[in-house]
Structures are given as structure tokens and as C-alpha cells.
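Asks: take a look and give me a structure for this.
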Amino acid sequence: MTLRRDLLLSQAKLSRENHLEIIREKHNQIPSIMKENGIECWLIFIRETEANPDPIMDLVIGGDVVWESAFIFNSNKNIFSKGAIVGNFDAPAEREKGIWDEVIPYKEGIAEPLRKYLDKINPHNIALNYSEDDVVSDGLSHGMFLKISNILKDKKERFISAAPIIQAIRGRKTKTEIKLITNTCKLTEEINRTITSKLKVGLSEPEIQRLFHQEMDRLGVVEAWQRASCPAVDAGPDKELGHIGPSPQFTTQKGHTLHNDFGIKLRGYCSDLQRMWFFGTEPPTELIHAFETVRDAILKAADYIKPGVTGYSVDNIAREYVKSRGYEEYAHALGHQVGTKAHDGGVILGPLWERYGDTPKGFVEESNIFTLELNVKTKNFGTVSLEENIVITKDGCEFLVPPQKKFILIK
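Replies: Next comes the predicted model:
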């Protein structure tokens, strides 16, 4: 089984050629992003990345390094350059990529060549990968922050957060990325359809999850988050939805619902969708009202969203509609970004709650890919929850796969 999982994990990754293609696309975005944010130098400072990777590495570096390494993007004096200062045994791999203007190897230590490089470009600010609110912008460990602060102690007052750069790079999906995520969503729906044909009354949640895992293994894809809760499987009115795995005490029954929260990873990119089934020929009115509320809240948010609106304003559209239909507001954000991770960081479509920091205050941008997800609780039939994936277009959005419009019936 271990060998099989290793094979699936390798198939879930991008080919080296496609990976470098996306990295080049991202490098082409960086100069304008730095200029927009008034940042002259972006410094990615890492080491032993197999054990402790920075979340942005896959998109702008690719591969691992062993020794302390500095990857520097410089836009000072309207001259854009890209340099890599790495240990001498890491240098050949960086040269082979062909993505750096200069690769500087060192033998004894990185401090002297790094100081020399920064003295030469002399930027007014130096963006480092830390953030209080955005997890994918917070890749610089505390130990490495202390180390870089000591190496560049004469420039420490110039340090700023690189979060605006990282959020834009991750959020502004390239054409290649959009195609990859769309294909992943389509395959996710194919798996849902395949498992639908196998569903019947009397199956336990673990049995249903195993059906999904078997189909994923057959197709050579892996889960978008931890396997124990991907897919999440929720059967019947008594199951509380959350970040938990299936339980054998819950089984599918006539007149009850089934919910899943499911995403896969294919060629390095994720999906994140939720679907609802009903066991019977006609859902009761109470369930139909709940389903239509969730469905229409998602559609109303999709009609509203476009480049330039804030994340919290999108969430508010759906949240107010849910309350107008007589339900309590959902206890989470309406949507997060999707990419190389199911939760890809950056701007979220959420309320102005402390838990989300400033991330809902950011602006939606063209080519962002978001989820639209929410749930409502019924009195007698449990929770109804849906999740869709959208890409932001020039003047609105498009669903990556058709949104679910009604319960999937298991007769």
C-alpha cells in the first residue's frame, strides 16, 4: 500500500516541464506586482525545505534546497533582476532551471555574499515572508527571521511583510493554472457521479468514504487535504458537519440526506466541492426550502462578485439572504481561494471577524479562484451544505463545473 500511495503522490504532482512553465509565468507577474505595492526587494530566505518548506516555494522556486538560501527579486531603480544565493551543492540545480539571472554559490556561509548582494542593490525596503493574518504568506520561520535580522542588521529597519506580493502571485492564476484547476474540478465531479451509482440505503460513512478512496486510487489522484477527512461524509440528520472523518454509527437511510466535502489533487492543483444527496423519490418541503436557500445564496453571491469588490461585501450578500429566509447565519466565511492548496490563502470572502484578520478587507481580482460555500440547519433533517468553485472574470465570474441545482436522488 505504501508503494501504491507513493506512486499516486508522484502522479498528483506537476511534470517538471509544466512546473517550470508555471514558475516562469509567475516570474513574469512579479515586476508589476512589486511596483503596485511599492516594494523594491523581495527576499525569500529558506533552508532544509524538505523538512520545513515555505508555502510560496512551489510557485516561484520549485524543488528543494538544503543549505541556507536567499532568492532575491529586485526592482530597484526600474531594473528588475532575479538572483539566487545558495550552497555550492544546491547551485547546479538552480542553474539548470534557467529561471535566475544570477546564481551565486557559497561554501562556508551565506552571510557575506548576501550582505554584498544587498549592499549592491541597496533597496529602500526588503519584503520578507511573514504575516499575522495570511498563513501562506508566513513561511519565514522565527529562527530564520532572527538569522536574517543579524546578517542584515544594518538594514533591519527596512524589513516589511511580503504578504501583498505572495497573495497576488498565488491569487492571480495563470491560464495554465486555471486549466489545471478546471480539469481537477471536472474529475472530482466524475468521481461524484461514479460513487452516486454505488450509493444505497444501509451504507455507513466509512464504507462510503472507502468507495471514494478506491475510485481515487484507480484514477491515480490523491486527496486535496488529509485523507482521513477527505471526503468528509455526513449521513442523516444527527451528524454535525465539521473537519472530522466518517463515523460507523451513521448510515444512509430512506428519507435522509447524504453530504460530502470532497477535493482531489491532480497535477499539483486542487478542487474543493460539496454535494448533497437524498434517499427517496421526493425530498420534503423543509429540505427543499433549505436546499434552495443555500443554492440561491451561492448564485446571488456569484451574480454580485467581480474584480474590485471586497471579500466581506461578497460574503454579506449570501449571509443576509440566508437570514432573510429564516435561518441562522453560517458560522464561517463564504469562500476561500483554491490553488496548489485547497485553502490557498490571500483574500477571503468572509465577515469582518477577528479570526479572519484583514483578509476579508482585500479586493477580489480577475483570475482569482474562490469557493462559494455555506450551510443552513433544518429542524428535522440536519444540515444542508453546498460548495462551488468559481474563477473571477473581467466583469464577473464563471463556475468551473456546473453548480448543483437540486438534490441528487437515490431512489
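Asks: where along the stretch 301-411 of the chain do the helices fall?
Replies: In the stretch 301-411 of the chain, the helices defined using DSSP state H, counting those that start in this stretch lie at 311-324.
Asks: what do you get for the stretch 151-300 of the chain?
Replies: 163-171, 175-196, 205-219, 285-304.
Asks: distance to Cys230, mean pLDDT and mean neighbour count added to the ones you listed, as a markdown table?
Replies: Using the backbone N, CA and C atoms, a C-beta is placed for each residue, glycine as well. Putting the helices of the stretch 151-300 of the chain into a markdown table (distance: least, CB to CB, whole Å; pLDDT from 0 to 100; neighbours: other CB atoms under 10 Å) gives the following:
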| stretch | distance to Cys230 | mean pLDDT | mean neighbour count |
| --- | --- | --- | --- |
| helix 163-171 | 21 | 97 | 24 |
| helix 175-196 | 11 | 97 | 18 |
| helix 205-219 | 8 | 97 | 17 |
| helix 285-304 | 21 | 98 | 19 |
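Asks: for His19, find the nearest of the ones you listed.
Replies: helix 175-196 (10.2 Å; CB to CB).
Asks: could the C-alpha coordinates of the closest one be exported in CSV?
Replies: Backbone C-alpha positions of helix 175-196 (Å, rounded to 0.1, in the frame of the first residue of the first chain) are rendered in CSV as follows:
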residue,chain,number,x,y,z
LYS,A,175,-4.1,30.4,-17.9
THR,A,176,-2.2,27.2,-17.3
GLU,A,177,-3.3,27.2,-13.6
ILE,A,178,-6.9,27.9,-14.5
LYS,A,179,-6.9,25.0,-16.9
LEU,A,180,-5.4,22.6,-14.4
ILE,A,181,-7.8,23.5,-11.7
THR,A,182,-10.8,23.3,-14.0
ASN,A,183,-9.7,19.8,-15.1
THR,A,184,-9.3,18.8,-11.4
CYS,A,185,-12.8,20.0,-10.7
LYS,A,186,-14.2,18.1,-13.7
LEU,A,187,-12.6,14.9,-12.5
THR,A,188,-13.9,15.5,-9.0
GLU,A,189,-17.4,15.6,-10.4
GLU,A,190,-16.8,12.5,-12.4
ILE,A,191,-15.9,10.7,-9.2
ASN,A,192,-19.0,12.0,-7.5
ARG,A,193,-21.1,10.6,-10.4
THR,A,194,-19.4,7.3,-10.2
ILE,A,195,-20.0,6.9,-6.5
THR,A,196,-23.6,8.1,-6.9
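Asks: going forward, begin numbering at 577 instead of 1
Replies: Okay, residue one is now 577; in that scheme the one you just asked about reads as helix 751-772.
Asks: give me the contacts around that helix.
Replies: Contacts with helix 751-772, where a contact means CB atoms under 8 Å, 6 or more residues apart in numbering, come from 590, 594, 597-598, 601, 749, 784, 787-788, 791-792, 795, 797, 836, 838-847, 849, 851, 853, 914-915, 943, 945, 965, 967, 976-977, 984, 986.
Asks: may I have the phi/psi pair for Tyr682?
Replies: phi -130, psi 160 (degrees, to the nearest 10).
Asks: picking that back up, could the helices of the stretch 727-876 of the chain go into CSV alongside distance to Phe649?
Replies: Listed next are the helices of the stretch 727-876 of the chain as CSV, based on distance: least, CB to CB, whole Å:
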stretch, distance to Phe649
helix 739-747, 8
helix 751-772, 20
helix 781-795, 37
helix 861-880, 35
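Asks: who wins for proximity to Asp934 among those?
Replies: Smallest distance to Asp934 across the helices of the stretch 727-876 of the chain (CB to CB): 9.3 Å, for helix 739-747.
Asks: mind giving me the packing neighbours of the closest one?
Replies: Using 3 or more CB pairs under 8 Å, 6 or more residues apart in numbering; DSSP states H and E, the elements in contact with helix 739-747 are helix 592-612, helix 633-636.
Asks: partners of the residue nearest to Ile874 when sequence neighbours are not counted in the sheet?
Replies: Sequence neighbours aside, Leu948 is the residue nearest to Ile874 in space, at 4.6 Å (criterion: CB to CB, 6 or more residues apart in numbering). Beta-bridge pairing for Leu948 (DSSP bridges): Glu964.
Asks: so how far is Asn836 from Leu948?
Replies: 17 Å (CB to CB, to the nearest Å).
Asks: got it, and Trp618?
Replies: Taking CB to CB, one finds Trp618 at 40 Å from Asn836.
Asks: before we move on, what about Asn654?
Replies: Distance from Asn654 to Asn836, counting by CB to CB: 51 Å.
Asks: also Trp929?
Replies: Distance from Trp929 to Asn836, by CB to CB: 27 Å.
Asks: and these two? Which one has more around it.
Replies: Using other CB atoms under 10 Å, the more surrounded residue of Trp929 and Asn836 is Asn836, with 24 against 12.
Asks: backbone dihedrals for the closest residue to that one other than its chain neighbours, please?
Replies: Once flanking residues are discounted, Asn836 sits nearest to Pro807: 4.4 Å by CB to CB, 6+ apart. Main-chain torsions, Pro807, degrees, to the nearest 10: phi -80, psi 150.
Asks: do the same with Asn650
Replies: The phi/psi pair for Asn650 (degrees, to the nearest 10) is phi -120, psi 130.
Asks: tally of neighbours for it?
Replies: Asn650, neighbours per other CB under 10 Å, totals 23.
Asks: that one contacts Ile615, correct?
Replies: No: contact criterion CB atoms under 8 Å: Asn650 and Ile615 do not qualify, at 10.1 Å.
Asks: if you average pLDDT per helix and strand, which one of this protein comes out bottom?
Replies: helix 578-588 (a mean of 50; mean pLDDT, DSSP states H and E).
Asks: quick one, what contacts the residue nearest to Gln913 when sequence neighbours are not counted?
Replies: Nearest non-adjacent residue to Gln913, counting by CB to CB, 6+ apart: Asp920, 4.1 Å away. Shown in contact with Asp920 (CB under 8 Å, 6+ apart): 712, 746-747, 846, 912-914, 945.
Asks: can we see that at 10 Å?
Replies: By CB atoms under 10 Å, 6 or more residues apart in numbering, the residues touching Asp920 are 631, 711-712, 743, 746-747, 749, 757, 845-846, 848, 912-914, 944-947.
Asks: and if you look at Leu817?
Replies: When contacts are counted by CB under 10 Å, 6+ apart, Leu817 is found next to 808, 810, 835, 837, 850, 951, 953, 958-961.
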